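Novice: With the sequence up front, the predicted model follows.
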Amino acid sequence: MHAVVARSAGGPEVLSSTELPDPAPGPTDLLVRVAAAGVNFIDTYRRAGVYPMSFPHVVGSEGAGVVEAVGAEARGFVVGDRVAWDAAPGSYAELAVVPAADAVHVPDGLDLTTAAALPLQGMTAHYLVASTFEVGQGHDVLLHAGAGGVGLLLTQLAVARGARVITTVSTPEKAALSSAAGAAHTIDYARLDDLATELPALVRDLTDGAGVHVVYDGVGAATFDASLASLRRRGTLVLFGGASGQVPPFDLQRLNAAGSLYVTRPTLAHYTATPAELEWRAREVFRAAADGDLDVRVGATFPLAEAAEAHRALEGRRTTGKVLLLP
């Protein structure tokens, strides 16, 4: 099979398309013919060595495809099933070994390319609005990178729950996409001279001086101070990524002084830790997409061999929606 390997920690240039022996599933695994693999910031963190990894390794952990073989002890799946997953290392490949416990069925009416765009970003958006901070009627939400993959999905889910969503974007085109997803207000941060002071002022103008109930921040270092300053008293900052770099340690007394604020750093694995929770989130997100209630934007597709260019596009903030690799 063909696969994309990271030879060492570094930039996109360390990725190479390589021919490898076909893998074999273990007793509790599925062997899946990959229809599409998701490209995510976590892939770039692992490639760069931000998250500890062994090298060389086949990159990627998300995708969708058709089951070709089932391990002797795997339950709930048969050859020919359409499945998707978010946590199977080695997904940038023509064949992937997926633990049966991490796979979910793709419902009828949802094509595999769309399904590949949903496991990580769709279930992330779901846990953020349904569990980390339970968004409800009347909540004001600030969301960074509103035209990104998580951003477009989270906006729709939050609006459906009765929230008013304010997003930050970097271009007029991204503002239009964010608005179409349901954002009540979009703020082009590229036009701000001092994000840390100007953004909170704009947010407070939009919330009668109070600030928002929750900020969803997947950008990290560049937006953290502005996020904290945009919260109302006892508001919650959900830091779920670090696209601009990781947030350095900070003085917890800042939370006291700013109004008894909360900060949390969640990850999807802790919100899909049981089969029941994984099945619940996947069912809600996949069914909403299949029924047309959740619009899933695939913003860019690349051939598998062009994974390095896909990483450059993602890290360069040149993408909207989901980025996929097609074997």
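Specialist: Everything's here; your move.
Novice: gap between residue 309 and residue 171?
Specialist: 20 Å (C-beta to C-beta, to the nearest Å). All C-beta atoms are positioned from the backbone trio N, CA, C, and that covers glycine.
Novice: Over to residue 297?
Specialist: 15 Å.
Novice: More neighbours: which of the two?
Specialist: residue 297 (17 against 14; other C-beta atoms under 10 Å).
Novice: Kindly state the pLDDT recorded for that one?
Specialist: Residue 297 carries a pLDDT value of 96.
Novice: wait, what's in contact with it?
Specialist: Residues counted as contacts of residue 297 (C-beta atoms under 8 Å, 6 or more residues apart in numbering) are 149, 152, 177, 320, 321, 322.
Novice: Look at the third one and give its secondary structure.
Specialist: Read it as residue 177. helix (DSSP: H, G, I helix; E, B strand; the rest coil).
Novice: show me what contacts it?
Specialist: Applying C-beta under 8 Å, 6+ apart, the residues near residue 177 are 146, 147, 152, 169, 297, 320, 321.
Novice: ranges for the helices of the stretch 201-327 of the chain?
Specialist: Under the criterion DSSP state H, counting those that start in this stretch, the stretch 201-327 of the chain contains helices at 224-229, 253-257, 275-290, 307-315.
Novice: Out of those helices, which is closest to residue 25?
Specialist: Closest approach to residue 25 among the helices of the stretch 201-327 of the chain (C-beta to C-beta): helix 275-290, 18.9 Å.
Novice: in the closest one, what counts as buried?
Specialist: 278, 281, 282, 284, 285, 286, 288, 289, 290 (16 or more other C-beta atoms under 10 Å).
Novice: and what of stretch 67-78?
Specialist: So, applying 16+ other C-beta under 10 Å, buried residues of stretch 67-78: 67, 69, 70, 71, 74, 77.
Novice: That stretch: how far from the chain's middle?
Specialist: Its chain's average C-alpha position is 27 Å from that of stretch 67-78, according to C-alpha atoms, centre = their mean, to the nearest Å.
Novice: Residue 72 is in what secondary structure piece?
Specialist: Under DSSP states H and E, no helix or strand contains residue 72.
Novice: The nearest residue to it once chain neighbours are set aside: what's it in contact with?
Specialist: The spatial neighbour of residue 72 that comes closest, neighbours along the chain excluded (C-beta to C-beta, 6 or more residues apart in numbering), is residue 27 at 5.2 Å. Residues near residue 27 by C-beta under 8 Å, 6+ apart: 71, 72, 73, 74.
Novice: what helix or strand does the last one sit in?
Specialist: Yep, that's residue 74 we're talking about. Secondary structure assignment for residue 74, by DSSP H and E: no helix or strand.
Novice: I'd like to know how far it sits from residue 255.
Specialist: 45 Å.
Novice: Repeat that for residue 300.
Specialist: 38 Å.
Novice: got any ranges where the stretch 201-327 of the chain has weak pLDDT?
Specialist: Along the stretch 201-327 of the chain, no part satisfies pLDDT under 70.
Novice: still on that earlier bit, closest one to residue 36 among the helices of the stretch 201-327 of the chain?
Specialist: So among these, helix 307-315 is nearest, using C-beta to C-beta, at 11.9 Å.
Novice: which residues sit against that closest one?
Specialist: 4, 12-13, 15, 17, 39-41, 43-44, 47, 59, 92, 243, 300, 302, 318-319, 323, 325.
Novice: In strands, which of those appear?
Specialist: Judged by DSSP state E, strands contain the following of these: 4, 15, 17, 39, 300, 302, 323, 325.
Novice: how many neighbours does the residue lying closest to the third one once chain neighbours are set aside have?
Specialist: Put plainly, it is residue 17. Excluding the flanking residues, the one nearest residue 17 by C-beta to C-beta, 6+ apart is residue 305, at 4.1 Å. When neighbours are counted by other C-beta under 10 Å, residue 305 registers 15.
Novice: quick one on the thing from earlier: show me the contacts of residue 177 that map onto strands.
Specialist: Filtering those for strands - DSSP E - leaves residue 169.
Novice: for the contacts of residue 177, which one is nearest residue 217?
Specialist: Distances from residue 217 to the contacts of residue 177, taken by C-beta to C-beta, are shortest for residue 146, at 11.8 Å.
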